[in-house]
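> the sequence and its predicted three-dimensional model are supplied below.
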Amino acid sequence: MAHSKQARKRIRQSERRSEANKNTASSMRTYCKKVMAAVADGDKSAAEAMLPVAMKRIDKAAKQSVIHANAANRKKRQVMKAVHAM
């Protein structure tokens with residue numbers, strides 16, 4: 001357990017930030033899975049409708065440094081490639 005006031009505050013801040021990062025990453029993964037599920041089902045209109053939302057979530061995660069910028073680009077490329085290949 002932290003002894004100083006500053007260390008206790010750092011623990012509180014770290015917990016808040018990690019919770020926010022978890023939510024952002026989870027949301028990003030959820031929307032990517034929804035797009036890929038629509039692609040797997042062959043529902044092109046649903047996949048195209050979900051694509052901008054997934055892109056926005058991926059960009060937001062990269063901007064907040066939840067994931068690396070290159071990882072975000074790779075994930076965007078995978079999702080777009082799947083939708084455009086339909």
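That came in fine, so what should we check first?
> quick one: the helices in the protein?
For the chain, applying DSSP state H gives helices covering 5-41, 44-63, 69-84.
> chain center to the last one, what's the gap?
Computed by Cα atoms, centre = their mean, to the nearest Å, the chain-centroid distance of helix 69-84 equals 12 Å.
> returning to what we had before: and the helices of the chain, which is most packed in?
Highest mean neighbour count of those: helix 44-63, a mean of 17 (counted as mean count of other Cβ atoms under 10 Å). Yep, even glycine has a C-beta here, placed from its N, CA and C like the rest.
> other residues contacting it?
Helix 44-63 has contacts (Cβ atoms under 8 Å, 6 or more residues apart in numbering) with 24-25, 27-28, 31-32, 34-35, 38-39, 67-69, 71-72, 75-76, 79-80, 82-83, 86.
> run the last query once more with 7 Å
24-25, 27-28, 31-32, 34-35, 38-39, 67, 69, 72, 75-76, 79, 83, 86 (Cβ atoms under 7 Å, 6 or more residues apart in numbering).
> and the helices of the chain as CSV, adding mean pLDDT?
Output for those, formatted as CSV (pLDDT from 0 to 100):
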stretch, mean pLDDT
helix 5-41, 95
helix 44-63, 95
helix 69-84, 96
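> now Lys75. Nearest residue, chain neighbours left out?
Distances taken as Cβ to Cβ, 6 or more residues apart in numbering put Ile58 closest to Lys75, at 5.4 Å, once the chain neighbours are dropped.
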